[in-house]
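Colleague: Fold the following.
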Amino acid sequence: MTSDALHSSPTRHAADPVVVAALAIAVVAAATLAGAWFFQLVLDIRPCPLCLEQRYAYYLAVPLGLLVAFAASRGAPRQVALAGFAVLLLAALANAWLGGYHAGVEWQFWPGPTDCSGPVADLGSAGTLLQRLDTVKVIRCDEVQWRFLGLSLAGYNVLISLLMALIAVWGVVSAKRAA
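Modeller: The predicted structure is shown next:
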């Protein structure tokens, strides 16, 4: 076996930090979504509107992380990986900000959006109100449904998003070194 054959083997790509970083982001995002769905479907901890918005970054990170890993493992130009990591970094930082905002709403540091933390404005007629109350459970953004070690799910979202941002920075640095 020649030296060139060893360097182009699949094990070489598995050790590529760009591939590892992209896969790590995809795995962290998928695990976070699985946890969110577990809390919702198994433990019946229903998400508020802000919780649902915080999932968007993870819905983006899973396929984009996999796409960046695939492109990097196939020898795509490093600019592709850099662009992918830049989008992942921005999404993670924006999600960390949104999670921090949500945690602040939960701690009553500032008011939240009126659709999930303000007063109920228009309930309609008495008949439709009774029908709504039978079918809809209002999940408020300013009430914590679950805490562990003093942090709510919004607080954990901040930590997970910052972890993904750090991994994306590692991916950018690795991609620039390989260029």
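Colleague: Let me see the ranges of the strands in the protein.
Modeller: Ranges of strands in the chain, per DSSP state E, are 147-148, 151-152.
Colleague: Out of those strands, which one sits most buried?
Modeller: strand 151-152 (a mean of 18; mean count of other C-beta atoms under 10 Å). All C-beta atoms are positioned from the backbone trio N, CA, C, and that covers glycine.
Colleague: hmm, who's touching that strand?
Modeller: 103, 106, 144-146, 159 (C-beta atoms under 8 Å, 6 or more residues apart in numbering).
Colleague: Name the strands paired with that strand and say parallel or antiparallel.
Modeller: Partners of strand 151-152 in the sheet, by DSSP bridges, are strand 147-148 (antiparallel).
Colleague: related to what we said a few turns ago, who wins for most neighbours among the contacts of strand 151-152?
Modeller: In terms of neighbours by other C-beta atoms under 10 Å, the contacts of strand 151-152 top out with residue 106 at 24 neighbours.
Colleague: my guess is that residue meets residue 144, correct?
Modeller: Yes: the pair residue 106 and residue 144 qualifies as a contact (C-beta atoms under 8 Å) at a distance of 5.0 Å.
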